[in-house]
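Colleague: Sequence first, then the predicted structure:
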Amino acid sequence: MRHFRFVGSRVVKTGVSVFLTAWLCTILGWPPVFAVITAIVTIEPTVTDSIRKGMVRFPASAIGSAYAVLFIALFGNSAITYALAAVFTITTCFKLKLHAGLLVATLTSVAMIEVIHTNLLISFFIRLGTTTIGIGVSTLVNFFILPPDYRKEIAGHVNHIGKQTAISIESIFHRIFKGDRKHLGKDSELLKDLEKEIQKTELLSRYQKQEAKLHPLVGHDKEKFNVIQEKLKILRLIHDHIDNLHHAPIEQLSWTDDERSLILSSVDLLTQVLHHPESYSKKRHQHFQNQIMEIFWEDNIEITSKKTKHPTKFPPELIILYELLSIYELVEQYFE
């Protein structure tokens, strides 16, 4: 039975930010709602993002507050005031490319209309103050309390991607050799899911690199993260070669039974070491690689001497062997 994890680090940090923001605003006698809204959206995956987007949200909120004050002065607390404040805030933020602050600015603008009853100018500067508190508190909380660390999650994804890569290699090669197009859709789904996980892991990796600017990795931690980064790059390249095979127009293969058996055995070795990294043997790996290379050069001479035309102008045997040798080379780098 899987346990549902309700509280993550970002949830904890959001709660702390909201509490501290509301507490500071209460001490100052300012309405905390606007500061709390800003604090909630300022907790980003990295501290760098919190700072960068905070610098966008502050002027955006100022624009929204200014429009709220302007239209209240002109039309009072009416329906047209809400509409104009929202439309002008969105338009101005869009024109000034303050996209990260557009939502907060619009919420601030329309929410202010309900609570402004006295001096409009003072209300405007109070909103700027509450926005500053929300951004500042959230950024500091993101920096000091449970700072973002995605290394463990990245390592877990890389390990899972390796296993899913093994499944994709096995499925696609066996489908090609059996000439079974019924599983074409299944292979497409496998590759699509693999691509999604690789993209997600690459995003987490970028987050970790950004975070390393403020919380640098040193010594063994830095070396370990660099190794994981390199493995992820190699898995991305392996995925590309598998994808090439998946989309190659392969119809008929002229290999002998012995050659087919050898190639499938080499594929099985790849899937085995990706599933179970501890079983990797460089000597055995290179043995199969050399045997495949021999078939490649033999086929290269034999097949290209024929005048048979192929859809890609390359014989399917050479396409398969080239991609397989490329994967073998990458897997060797993966385990170095």
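Modeller: Here it is on my side, so go on.

Colleague: CA only for contacts and neighbour counts going forward, please
Modeller: OK.

Colleague: What segments of the stretch 101-250 of the chain are helices?
Modeller: Counting by DSSP state H, counting those that start in this stretch, the stretch 101-250 of the chain has helices at residues 102-115, 120-144, 151-178, 184-212, 219-247.

Colleague: For those helices, could you give me a markdown table that also reports distance to His276?
Modeller: As requested, these are exported to a markdown table (distance: least, Cα to Cα, whole Å):
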| stretch | distance to His276 |
| --- | --- |
| helix 102-115 | 48 |
| helix 120-144 | 38 |
| helix 151-178 | 8 |
| helix 184-212 | 18 |
| helix 219-247 | 15 |
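
Colleague: In terms of mean pLDDT, which of these ranks lowest?
Modeller: In terms of average pLDDT, helix 102-115 trails the rest of those, at a mean of 87.

Colleague: Pretty sure Ala86 sits against Ala111.
Modeller: No - if you go by Cα atoms under 8 Å, Ala86 and Ala111 don't touch, sitting 10.1 Å apart.

Colleague: Could you check which of the two is surrounded by more residues?
Modeller: A side-by-side neighbour count of Ala86 and Ala111, using other Cα atoms under 10 Å, places Ala86 first with 21 against 17.

Colleague: Now do the same contact list for that one.
Modeller: 64, 106, 109-110 (Cα atoms under 8 Å, 6 or more residues apart in numbering).

Colleague: one more time with 6 Å
Modeller: Thr106 (Cα atoms under 6 Å, 6 or more residues apart in numbering).

Colleague: same check, this time on Ala105
Modeller: Under the criterion of Cα under 6 Å, 6+ apart, the contact partners of Ala105 comprise 60-61, 64.

Colleague: so which of those is the most crowded?
Modeller: Note: the member of the contacts of Ala105 with the most neighbours is Gly64, at 34 neighbours, neighbours being other Cα under 10 Å.

Colleague: what about that residue, helix or strand, and which?
Modeller: Here Gly64, judged by DSSP states H and E, is contained in helix 47-75.

Colleague: which helices and strands does that helix pack with?
Modeller: Applying 3 or more Cα pairs under 6 Å, 6 or more residues apart in numbering; DSSP states H and E, one finds that helix 47-75 contacts helix 79-95, helix 102-115, helix 120-144.

Colleague: at 8 Å instead, please
Modeller: Where contact means 3 or more Cα pairs under 8 Å, 6 or more residues apart in numbering; DSSP states H and E, helix 47-75 is packed against helix 33-42, helix 79-95, helix 102-115, helix 120-144, helix 184-212.

Colleague: Out of those helices, which is the most enclosed?
Modeller: Across the helices and strands packed on helix 47-75, averaging neighbours per residue (mean count of other Cα atoms under 10 Å) puts helix 33-42 on top, at a mean of 25.

Colleague: what about Leu274, neighbour count?
Modeller: The burial count for Leu274: 23, using other Cα under 10 Å.

Colleague: How about the contacts made by it?
Modeller: Leu274 neighbours (Cα under 8 Å, 6+ apart): 162-163, 165-166.

Colleague: how near is it to Phe177?
Modeller: 21 Å (Cα to Cα, to the nearest Å).

Colleague: swap in Ile122?
Modeller: Counting by Cα to Cα - Ile122 and Phe177 are separated by 77 Å.

Colleague: Convert stretch 126-140 to PDB, retaining C-alpha atoms only.
Modeller: The C-alpha coordinates for stretch 126-140 follow below in PDB (Å, rounded to 0.1, in the frame of the first residue of the first chain):
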ATOM      1  CA  ILE A 126       0.700  50.400   2.000                       C
ATOM      2  CA  ARG A 127       0.100  48.000  -0.900                       C
ATOM      3  CA  LEU A 128       3.600  48.500  -2.100                       C
ATOM      4  CA  GLY A 129       4.800  47.800   1.500                       C
ATOM      5  CA  THR A 130       2.800  44.600   1.800                       C
ATOM      6  CA  THR A 131       4.000  43.400  -1.600                       C
ATOM      7  CA  THR A 132       7.600  44.000  -0.500                       C
ATOM      8  CA  ILE A 133       7.100  42.100   2.700                       C
ATOM      9  CA  GLY A 134       5.500  39.100   0.900                       C
ATOM     10  CA  ILE A 135       8.300  38.900  -1.700                       C
ATOM     11  CA  GLY A 136      11.100  39.500   0.900                       C
ATOM     12  CA  VAL A 137       9.800  37.000   3.500                       C
ATOM     13  CA  SER A 138       9.200  34.200   0.900                       C
ATOM     14  CA  THR A 139      12.600  34.700  -0.700                       C
ATOM     15  CA  LEU A 140      14.400  34.500   2.700                       C
END
